[in-house]
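> sequence and computational prediction follow.
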Amino acid sequence: MPPDRGAPARLPGLRSAPSFYVAFGIGCLAAAAYLCRWPPQPPDAWWREVDPGSYYRMAQQPFQAEHLPFVLRPAVPLLLHILPMPTAWQFASANLLCLAVLCALVERIATRLGRPPIVGVAAAAVVCACNPVWKAFYLRATIDLPVLCLVAGVVVLLLSDRLHGAWGVIVASALAHPLGSFIGAGALIGRSWIAGVSAAAAGAGLAGLYALLMHPLFLPVAERVAVGFKATLAVNGPSPSRALAGALIYGIGPLAVGYLRAPPGYRRIIVPATGGVLAAMTGAGDWTRLVAFLCPMLVPAALPSPQRPWRGPGAWSELAWPIGSAVVLMALFLLPTTVLDLTGVRPNKLVGQYLLLLSAALLAPWRWKPRSKGNRPLPG
């Protein structure tokens, strides 16, 4: 049988379907579950001198002296400062809202790729379990979820042929996190290399202007923060290649099949965006988290679609295919939250390898031929 690639890509209007609201509700439920496990509170002493502590202080007192490179990402803490609530609840509320919006955007991506509603909802559930999402609630004061929303929003705009809107979001994301600019500019290059390069240049210019204006408030890089190529290799030692393999396995793993399933037009978006992530990985230490920023782009293309209508004797078996794949992927991505010794640097748990193989089999881009029922006469 031919590979399962879903229906041809289509570009519907902005009118929302019921699956849009279901995906939004899934994001709200997942955020509530994370908040019950990791209630809002200030970062503890261990995280005070790294990114959670810096973002927390920036939300309390914007435009104050802070450590590099976090001081170059003022947009999200400044917006949170406006909310009339304690700082810990500012981050918790933003995480809840951003996760719900992210799930809705992922469902829209699946819809624009011609996927059935069940695939869009299952993709939203998988994204709820990816590394940047649960780590945002675990660390309590990060900006990963807003950046994921920016990336997913850029992809939706590109699939809707709204290049000017995508260009503006990419430029503005330079003040939120450089990773958002890397991924967004790479995705835009897939549609128009002139627009992508100009967006990256404009974003870099905006970030450079902010650095020139605010450089008296910049503090040196903290001791436990890896910035730059040499520091990145050191923090991922003693084997950077093993750390990279672990990041690929537990960051996106079997979602790599999304590159094969994706329609050619969408593949031209996700491949340059992957190049943007790989470029950002040369200057950051948490490779697993960076690679997992590709999940909202890959999940809608990677999950299998039902092959037949949902009504009839085989409806449940067809629905079980995308739902079962989503459940296994969620278990794989949530595994580090339950196994303390399992990290992207040390992928040494047999259960993790088993889940990886199982999810790869469920996501395989082929389907077994259905067995014929009964002995039918051959055509004469």
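Thanks, I have it. Numbering: from 1, shown residues only.
> would you map the strands across the stretch 1-150 of the chain?
Here the stretch 1-150 of the chain has its strands, by DSSP state E, counting those that start in this stretch, at 66-67.
> so where do the helices sit in it?
18-37, 51-60, 75-81, 87-112, 117-128, 131-139, 144-159 (DSSP state H, counting those that start in this stretch).
> export those helices to a markdown table and tack on mean pLDDT and mean neighbour count?
C-beta coordinates here come from the backbone N, C-alpha and C atoms, glycine included. Listed next are the helices of the stretch 1-150 of the chain as a markdown table, based on pLDDT from 0 to 100; neighbours: other C-beta atoms under 10 Å:
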| stretch | mean pLDDT | mean neighbour count |
| --- | --- | --- |
| helix 18-37 | 95 | 18 |
| helix 51-60 | 92 | 22 |
| helix 75-81 | 94 | 20 |
| helix 87-112 | 96 | 23 |
| helix 117-128 | 94 | 27 |
| helix 131-139 | 92 | 22 |
| helix 144-159 | 94 | 25 |
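> Ala207: which of these is closest?
helix 75-81 (10.5 Å; C-beta to C-beta).
> contacts for that closest one next, please.
Helix 75-81 is contacted by residues 55, 58-60, 62, 87, 90-91, 94, 143, 146, 172, 175-176 when judged by C-beta atoms under 8 Å, 6 or more residues apart in numbering.
> now swap in stretch 84-91 and tell me
Contacts for stretch 84-91 (C-beta under 8 Å, 6+ apart): 40-42, 55-56, 59-60, 80-81, 83, 93, 140-142.
> distance to Val133 added to those, as TSV?
Formatted as TSV, these follow (distance: C-beta to C-beta, whole Å):
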residue	distance to Val133
Pro40	16
Gln41	19
Pro42	21
Tyr55	16
Tyr56	19
Ala59	20
Gln60	24
Leu80	18
His81	23
Leu83	21
Ser93	16
Arg140	13
Ala141	15
Thr142	10
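> farthest pair in these?
Every pair of the contacts of stretch 84-91 checked by C-beta to C-beta; the farthest is Gln41 and His81, at 18.2 Å.
> one step back: tell me the one of the contacts of helix 75-81 nearest Leu29?
Among the contacts of helix 75-81, and counting by C-beta to C-beta, the member closest to Leu29 is Ala94, at 17.2 Å.
> doesn't Thr142 make contact with the closest one?
No: the pair Ala94 and Thr142 fails to qualify as a contact (C-beta atoms under 8 Å) at a distance of 10.0 Å.
> so how far is Lys135 from the spatially most central residue of the chain?
Residue closest to the average C-alpha location in the chain (C-alpha atoms, centre = their mean): Phe293, at 3.4 Å. Phe293 is 11 Å from Lys135, where distance means C-beta to C-beta, to the nearest Å.
> ranges for the helices of the stretch 251-380 of the chain?
258-261, 264-281, 287-291, 295-302, 315-338, 350-362.
> just the C-alphas of the third one, formatted as CSV.
Provided in CSV are the C-alpha atoms of helix 287-291 (Å, rounded to 0.1, in the frame of the first residue of the first chain):
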residue,chain,number,x,y,z
TRP,A,287,20.0,20.1,23.6
THR,A,288,17.0,17.9,24.5
ARG,A,289,14.8,20.9,25.1
LEU,A,290,15.9,22.7,22.0
VAL,A,291,15.3,19.8,19.7
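> average pLDDT across that helix?
Helix 287-291 comes out with an average pLDDT of 84.
> and what of the first one?
The predicted model gives helix 258-261 an average pLDDT of 88.
> what's the answer for the longest one, then?
pLDDT averaged over helix 315-338 equals 80, rounded to a whole number.
> circling back: pick the most buried one from the helices of the stretch 251-380 of the chain.
helix 295-302 (a mean of 28; mean count of other C-beta atoms under 10 Å).
> how about residues contacting that one?
By C-beta under 8 Å, 6+ apart, helix 295-302 touches 6, 102, 105-106, 109-110, 113, 115, 119-120, 123, 126-127, 130-132, 148, 151-152, 155, 187, 252, 254-259, 261-262, 266, 269-270, 273, 329, 333, 363.
> about what we covered before: okay but the residue nearest to the centre of the chain is in contact with Phe182, surely?
No: Phe293 lies out of contact with Phe182 (C-beta under 8 Å); the separation is 9.4 Å.
> doesn't Gly203 belong to a helix?
Yes: using DSSP: H, G, I helix; E, B strand; the rest coil, the assignment for Gly203 is a helix.
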